[in-house]
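Student: I would like the atomic coordinates for the input below:
(2 chains)
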Amino acid sequence: MRNNNSEPEPSTRLMSIVQNIARRPGWLFSLLLVVVIGGCDVLDNALDVQAPSRIPAGSLEDPSDADLLVLGAVGDFECALNAYIVLGALTGDEFTDATQTAARWVYDRREVRSDDGIYAESSCTNLGTYTPLSVARWSAENALVRLQDFTDAEVTNRQALVAKAAMYSAFSHLLLGEGFCSGVLLNESLEAGAEVQSEDLFQRAIERFTQAITAAQAVGNDTILNASLIGRARARLDLGDYAGAADDAREVVEGFELVATASGGSARRQNRIYQQSIISEAVSVGPAFRNLVFGGTADPRVEVIDTGDEATDGTPIFLQTKYRDVGDPVPVATWTEAQLIIAEAEARVGDPQEAVDIINMFHARAGLPAFTSTDQAEIIDHVIQERSRELFLEGQRFYDIRRLSLPLVPAPGTPFDNGGDYGDTRCWPLPDVEILNNPNI
Amino acid sequence: MIPDPLSVRRTSRPRGQCWTVPAILFVAAFLAVTFPAAARAQQGTVAGTVVNVETLEPVSGAQVTIEGTGLGTLTNSAGEFRITGVEGTNAMLRVQSIGYGTVTQQVRVGDTAIRITLGEEAIALDEIVVTGTPGAAQKRAIGNVVATIEAEDVMDVAPVGNLQELINGRVAGAVVLQSTGMVGSGSRIQLRGASSFSLSNAPLIYIDGIRTNSDQSTGPTNQGFGSNSISRFNDINPEDIASIEIIKGPAAATLYGTEASGGVIQIITKKGIAGEPRFNLKITQGANWFNDPQDRLWTNYAMVDGELESIDFNELEAAWGDDIFHTGHLQEYDLSARGGADAVSYYAAGGFVRNEGIEPENKLLRYNGRMNLTVRPNEKLDATLSLGYVAGRTDLVWESGAGGVTWSTYYATPANLGTPRHGFYSGTPESYYALVDTWQDLNRFTGSIQFNHRPTDWFTQRLAAGTDHTREQNVELFNRDDQYVFFDSFADRGYKDVLDRNSELMTLDYSGTLSFPVNDRLTSNTSFGAQYYRDYSEYISAYGEDFPVPGLTTIEAAAIQRGTEDYIENTTVGVFGQQQVAWNNRLFLTAGLRADDNSAFGEQFDIVYYPKVSASWVVSEEPFWNFGVVNQLRVRAAYGQSGQQPEAFAALRTFEPVPGPGDVGVVTPGTIGNPALGPERSEEIELGFDASMFDSRLGFEFTYYDQTTRDAILLRRIAPSSGFAGSQFVNAGEVTNSGLELVIDALPYRSEDVSWDLRFSIATNENEVVDLGDVTDEDFIQASSYIQHRLGYPIGSWFAREVVSADFDASGEAINIMCEGGPENNGEAVPCDVAPPVFLGRTSPRTQGAFSTTLTLFDNLQLFGLLDYKLDYSKLDGNERVRCALFLRCRANYFPEEFSPVLIAGYQELIPGTLIHDASFAKLRELSATYTIPQEWSGRIGTDELKVTVAGRNLGTWTNYDGLEPEATFHGGSRGGDFAIWEQNVIPQLRQFVVSVDIAF
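Tutor: Have a look, this model is predicted:
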C-alpha cells in the first residue's frame, strides 16, 4: 500500500527548482534570510545580556573605588563579629540554645566537628563564623593590596584608608585566631597558605595593628590609633605577653570605644545578639549568667529577664538586656577592655593591688560593693570574672575559656537535655571546607 | 566605577541592526510565497468508512488526510469520514490511527463509499513525530527512539491529574521521583540517569515547538531542608494534551543544542479537526487520603517524670479529640470544543481543578484555558496559533524540617499529653492551620505561532515563535499568634515572606528542508535552521516581621521590613544543518551539525559544535526478508552530542552590593567566577531495534544507550580563605551512563467481543563517575551530607559510615562498636570514630519500569491497570533519624535488648549507615474501569458518547523499605540537591479514588 505516484525524472526536477527560484522573488528572500543570519554579527548581539544586580570584579580596580572597598571591608567585619559573638556565646557558656531542631545543638553541647556546616559555611546572618571572618579578612587585605597600587595623588585619604583596612584585617585575624583551633594566612597575592596555629594569626594581627598605628599616627586619626592599640594589646595578651599588652592598653584614652554599628534596615546590619535573643528567642542566657550577684547585690552589668516561658525543647527563656534594640552597636575595642587587660597583666606580673583598684573602679561604676583581696590567685580569678561581666556578649568569653583553661560547665560527659553528652570543644576546628578545598593543606 | 548599564558582553564587536533586517525580510518572504492569488480548481468530495481488518469493527478517531494538502478529518464513532474541497480527479488518501499500520490509498475524487481496512500493529513505523527532527518525520526515518505517550487514550481510562502522573510508568528510561504526597507538589523527572554533578538533570519541556519553563522546584519554602515542591511541569492540563514525545538523550537531542543533554519532553496539544463541532465535558470527583496511618506511623516513647510512657497515632487522635488527617475532596471539570472547516479549525477548552490534600490547608486550585487555531489559507501553508493560560493557587503545608502537622504528629511525645499540646511535639494541627499560610499564586501564559509551509513538493519550511511567561507569587505567612503559644516569640509576632518571580522564555525557531530524489531509489533531504532563545527572570522579594496586633497580614503592617530585586538573563543562539539520504524509504542515513553560543559561557570560551549521525533500516521491507514470524523489523543506530550550559552568571567574578556602616551601600565579595567556563558536553550512542512478531501480536522496542558527559560542570566548594563564600563552577568531571530499555507490547487475544493488551517495560541505568579532574586531591567530592560523587561509583551516591558489629554492656549501651573499614582498610572493620564513609547505594533507581494491561469487553467496558517499579536505590529515613537518634522516641532507645546491638550502636552514635535503606518498591499505581454507555441509551439524552470511569491511584505498595513511604523524598534543597533521597516528616503518597463522567455531544 505504498505511494506509487509517478515522479518526474530527476534532471528535469532540478531544472524546475532552479527555474522556480528564478521566477519567485519570495524564494530569494527566504534564501537571503539564511545568508543574512549566517553572515552578520547578529549572533554576538543576541548574546549580550544585562546583569544589573551584579558588579563585575574588574569594575572595582579604580582609585575612585578605594573608599568603597574599605567601607565594604568594615561592613564585612561588623556582620562577622555579630555572628561570632552569638556562636561563641552558644559554644561557650553565655548562651544556651532554644531552637527545636537539632542543627545548633552541637554548639550548645560543645561537640563541634569539622564537617558541621553552620560555623564553617553559613553567612554572617546565619551565624557562620569561619566564612564571614575569612571574607572580612580578604576584603580588608584586598583593599590594602589595591591601596598599595594607588598613589596619594589618586586617593587623597590613602593613608587613613590604609590605617582602617589594616586595623579591620587585624581584628579579623584576631578572631580567626581566638575562635578556631588553627587557621591559615594569606600571602601578598591573597592566596591562602598551609595550616598554621592561632599564635601565627595573632602575630599577623599584631603586624597589621602596628601598620594601622603607624598610618593612623601619620594622619592623626585617634579613633584608629586607640582601637588598634587595644587590639594589639588583646593580641599580645592572647600570646601571653602581659607586659606588652599592658603597655599598649595604658596608652588608650579614657572612655574610648570603637563599635560595630548596627541597624534594623537589613539582616546584615542587625544586631545579631538582639535578633537571636529577643526577636527570635532562639537562644537563652546560659545558667552561669542568670541572676549574677556580687556581695549580695544584683550585678547590673549582666541583667537578665526570666520570661517564665519555655522553648519547644523545654529550655527556660532568659533574655539578655545588654542589647535592647536591633540597632544597638556592638563594642569592638573599648577602654574598659584596655583597663581589664592592664588589671590582668598587673595581677599576673605586676602589682596585684593595681588590679584590685581597677576592679573596684568598675564595681563603683556598677554600684557593687568593693572587692578586697591580697591573694594573687584570687585577684586573677576575680579579674577573669570581671572580664566575663564587663565584656558580657562582646565576643571575649569564648576565647577566655580556652586561653585560661576554665572549667567547662556542665562537665564533659554530662548528659545533654536533647540527647547525647556534653563534649569539650574550646575552639572550633579548622573546618573541612577549608581543609578539603585549600590546595595548600 | 561600576559601569552602567552593567552589560555582560561576550565580544567587543559593535552592536548592529541585524535582527530587524532579517525579521522584516522574513515576513516579506512569507507573505510573498504564501498568499499567491491562486485560482481554485474544481473541487469534489471523498467519503467512506475505516474498519479493523480482523474484527471488521469501525475504527473511530482515525486520522484521514489527503496527501499534499492540508485537508483531513477524524473518523466518527461509526468509523466514517467525509472530506470536501478535494481538487483534481484522483487523490492520495492517508489513514493513520494509533495502534494500526498507516494506509495510503489512491482514491477517485467523488467516491463516497471508500472502505479502508487497518491492520493492528505493535510498532508504528509510520507514526509522525516532530521532536528532535528539523520538520515532521516518520519514526522509520529516525535513528533514535522517540517515546510517544498517546495522552488522549491515557486520559480516557487512567486517573491522571498532571503531567508527572502521565509520564510515570509510561516511558522506559523516564524516572519520576515523587517528593511528597502533598497535593500540588511536584516530582523530580530524569531521563536516562543523571549526568551532571551540579546542574539540573531535568529534561527540557517544549510545548508545540517552543521551549517552556521547566523548573521542577518552585514555590515558597515549605520544606525546611527540601527546598520547594511545586513543579512547573504540572501546569498544563493533561486533558489538553494530544500526545507527548520524549527523546531521552544527546543522540536524539543534538538539534536542541546546549541545555538538551537531559533530554527533551515535547507536549503536543490538541488541535482543531475539520468537521462538526464536537463538545466534550468531563466531570471528575474523587477523594485523597492517608492510607492507614495507625499502622504506618509509630508508637513514640519518652521518659515522663521518671516513668516510660508511650503514645501511638490513635492515642494522639484521642487526646486531640479530632481527626489529624482528613480526606481531601478532588473535583475537576473540563469542557472543550473541537471542530472547524477546511480552512480554519479550532480546539478551545477550559478546565477547573480543586484538589484537597489530607490537611485542610493543602489544596490546589487551577484554572486552565486553551485556544488552538489552525488556519490553512491554501494547501501550501498552515499556521497554528496555540494559546494556553493557567492561573491558580497552590496552598502548601509545612513539612520536612520546616515543622508542621506532620512534624508535630510523627514526633509526638507522651511528655506533652495533658499539656496544651495534647501530645503533639510542637503546635497542634489547628495552630498550624491557623498560623501558617504558604502558597504560590500562578499566572502563566504560553503562546506560540507555528507556520508550516510547503511551497513546492521539494521544499518545506517551518517557523515557530513563541513565549512562555510565568508569574509566580510565592508567599509564606506566619500569622501573629496571640492564641496559640507553641512557638517562640519571634514566630508568635508573625512574619511574611513574599517572592514575586516573573520569568519569560522566548523562542524563535526556523527550519527548512529541501528534499528531492537523486534517482528513483534515493531521496535526499537537506535541512537547515536557526534558533534563538532568551530566558530572563525578574525577582522581587519582600519580607516583614513583627505584626503589632493580630489580623495584620501585609508586609506594610510589619514592624521590620526588607525587600530586594534581582534580574537574571541568558540567551542562546544556535544554527544547524542536517543531511539525510533515504534509500527506497527503508534505509535512512542522517548526519547533522549544530553550533551554539551562549551568554553564560566564559570569556575564554567560544562557540560549541555538536555533531550527530544516525541510521535506520527497515529490514523487513527488503525483498530478501522471509521470516514469517517476524513481520516487521527495523534496526537503528544513532550517535549525537548535546550540552548543558552553565548557570547564567557562573563565569563572572562579582562583588555584591550590601548595606555597610551607616546603612550606606558598599560591596562584599560575591561569586568567585570562572572565565574558562564552558558547557558540559554529552555524547551518546544509541542502538536498538523495533520488531513485531506473530502478525503484529507482539512488539518489541529495544534500545541500548551509552552516554559520556565530559567537562561535567562541578560546583566545587571553595576554601573560605579565598575571600569568596560558596562555590565555583568548573568543567571538571566525566560521567558515563549506559543501560538498556525494553518495551514489549502484546496483543494476546483479539475477538469481536474481547481484546486484551499488555505492555511491559524495563529500563536500566549504569552510572559511573569516571573523572573528577584536578578539583580535588581526593577521589571524591562531597555533594552534601552523606552524598558523594566518587570515582568508580554512580554520581551522587550515599557514602557514610556503617556499623558492622557491636556489643551491649550491662546497661544496654552499645560498646565495642566497629564500622565497615572500606577499601582503605582492606575490608577490615575498624572503630567507628576512625571509619571512612563507605558506599551505601545509589540515589536514583538502577532499574525501573512498569507493567500495564487493558482488557476491552464487548467494545464498551475497558479495564486498565498500571503497576510501576523502581529498584536498587537507597534512601535515608529521616523519620528514623529524628525519632531514634536525635529525639529518642523509639522503642529501641528504651528496650535496646529487644534489638540488635548494631542497630542500637547506629542510633546511639548517629552513624548514618544505620538510617540508609534500600528503597526499591513496586506500586499498583492505577486501576480503572471505564464503561461506554451504549449509543442507543446515550443518544436518547442527546449525547454522541457517554463514558463513566471509576478509578483508584496508589492502591498497593510492595517494598522492603520499612520507613513510612519509599517514594517520599526531598525535592532538591540543602540535603542533597538533585540527589536528595531523604524523607523527614513528609506526607506519603496519598491513596486516591475518582469517578469521572465524560460526555461528548
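
Student: Tell me how far stretch A:188-206 lies from the chain's centre.
Tutor: Here stretch A:188-206 is found 16 Å from its chain centre; the criterion is C-alpha atoms, centre = their mean, to the nearest Å.

Student: now do stretch B:242-250
Tutor: Worked out by C-alpha atoms, centre = their mean, stretch B:242-250 lies 11 Å from the chain centre.

Student: What's the mean pLDDT across it?
Tutor: For stretch B:242-250, mean pLDDT is 93.

Student: Flag every buried residue along it.
Tutor: By 16 or more other C-beta atoms under 10 Å in any protein chain shown, the buried positions in stretch B:242-250 come out as B:243-250. Just so you know, the C-beta spots here come from the backbone N, C-alpha and C atoms, and that holds for glycine as well.

Student: Do you have the strands of the stretch 201-350 of chain A handy? List them.
Tutor: Remark: strands assigned in the stretch 201-350 of chain A by DSSP state E, counting those that start in this stretch are A:257-260, A:283-285, A:293-294, A:297-298, A:304-310, A:316-320, A:330-334.

Student: Out of the buried residues of stretch B:242-250, which is nearest to chain A?
Tutor: The closest of the buried residues of stretch B:242-250 to chain A turns out to be B:Pro250 (C-beta to the nearest C-beta; 22.7 Å).

Student: Is the residue lying closest to the closest one once chain neighbours are set aside part of a helix or strand, or is it coil?
Tutor: Nearest residue to B:Pro250, sequence neighbours excluded (C-beta to C-beta, 6 or more residues apart in numbering or on different chains): B:Ser642, at 3.6 Å. When classified by DSSP: H, G, I helix; E, B strand; the rest coil, B:Ser642 comes out as strand.

Student: residues touching B:Ser642, list them.
Tutor: Taking C-beta atoms under 8 Å, 6 or more residues apart in numbering or on different chains, we find B:Ser642 in contact with B:249-250, B:253-254, B:256-258, B:260-261, B:610, B:681-682, B:684.

Student: Report the beta-bridge partners for it.
Tutor: B:Ser642 has these beta-bridge partners by DSSP bridges: B:Ser682.

Student: got the contact list for the closest residue to chain A within chain B?
Tutor: Closest contact between chain B and chain A, by C-beta to the nearest C-beta, is at B:Gly723 (2.6 Å). Listed by C-beta under 8 Å, 6+ apart, the contact set of B:Gly723 reads A:134-135, A:137-139, A:141-142, A:190, B:669.

Student: Quick check: strands, which of the residues you listed are part of them?
Tutor: Counting by DSSP state E, those place B:Pro669 in strands.

Student: What about the contacts of B:Gly723, which one has the most neighbours?
Tutor: Neighbour tally across the contacts of B:Gly723 (other C-beta atoms under 10 Å in any protein chain shown): the maximum, 33 neighbours, falls on A:Arg137.

Student: Spit out the contact partners of the nearest residue to B:Ala78 once chain neighbours are set aside.
Tutor: Nearest residue to B:Ala78 in three dimensions, chain neighbours excluded: B:Pro58, at 5.2 Å (C-beta to C-beta, 6+ apart). Residues in contact with B:Pro58 (C-beta under 8 Å, 6+ apart) are B:49-52, B:75, B:77-80.

Student: I'd like those residues as a markdown table, with distance to B:Ile210 and neighbour count appended.
Tutor: Shown next, in a markdown table, are these (distance: C-beta to C-beta, whole Å; neighbours: other C-beta atoms under 10 Å in any protein chain shown):
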| residue | distance to B:Ile210 | neighbour count |
| --- | --- | --- |
| B:Thr49 | 38 | 17 |
| B:Val50 | 33 | 27 |
| B:Val51 | 38 | 19 |
| B:Asn52 | 37 | 20 |
| B:Thr75 | 31 | 23 |
| B:Ser77 | 34 | 14 |
| B:Ala78 | 37 | 13 |
| B:Gly79 | 35 | 22 |
| B:Glu80 | 35 | 15 |
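
Student: and of these, the nearest to A:Ile273?
Tutor: Lowest distance from A:Ile273 to the contacts of B:Pro58 (C-beta to C-beta) belongs to B:Ser77, with 75.4 Å.

Student: part of a helix, is the closest one?
Tutor: No. Read with three-state DSSP, B:Ser77 is coil and lies in no helix.

Student: rewinding a little: from B:Glu152, how far off is the residue nearest to B:Ala78?
Tutor: According to C-beta to C-beta, to the nearest Å, B:Pro58 stands 18 Å off from B:Glu152.

Student: Could you list the low-pLDDT ranges of the chain?
Tutor: Answering for chain A, as no chain was given. Scanning chain A with the threshold set as pLDDT under 70 gives A:1-45.

Student: Sorry, I should have been clearer: chain B.
Tutor: For chain B (pLDDT under 70), the answer is B:1-42, B:70, B:122, B:485-491, B:775-777, B:976.

Student: returning to what we had before: just say which of the strands of the stretch 201-350 of chain A is most tucked in.
Tutor: Neighbour counts (mean count of other C-beta atoms under 10 Å in any protein chain shown) averaged over each of those peak at strand A:283-285, with a mean of 28.

Student: Direction included, what does it pair up with?
Tutor: Note on strand A:283-285: by DSSP bridges, its sheet partners are strand A:95-97 (antiparallel).

Student: ok so, going back, keep only those of the contacts of B:Ser642 that are in strands.
Tutor: Using DSSP E, the subset of these located in strands is B:610, B:681-682, B:684.

Student: which among those residues gets closest to B:Gly956?
Tutor: Nearest member of the ones in strands among the contacts of B:Ser642 to B:Gly956, counting by C-beta to C-beta, is B:Glu684, at 36.1 Å.

Student: Which residues are in contact with the closest one?
Tutor: Here B:Glu684 is in contact with B:249-251, B:638-642, B:705-708 (C-beta under 8 Å, 6+ apart).
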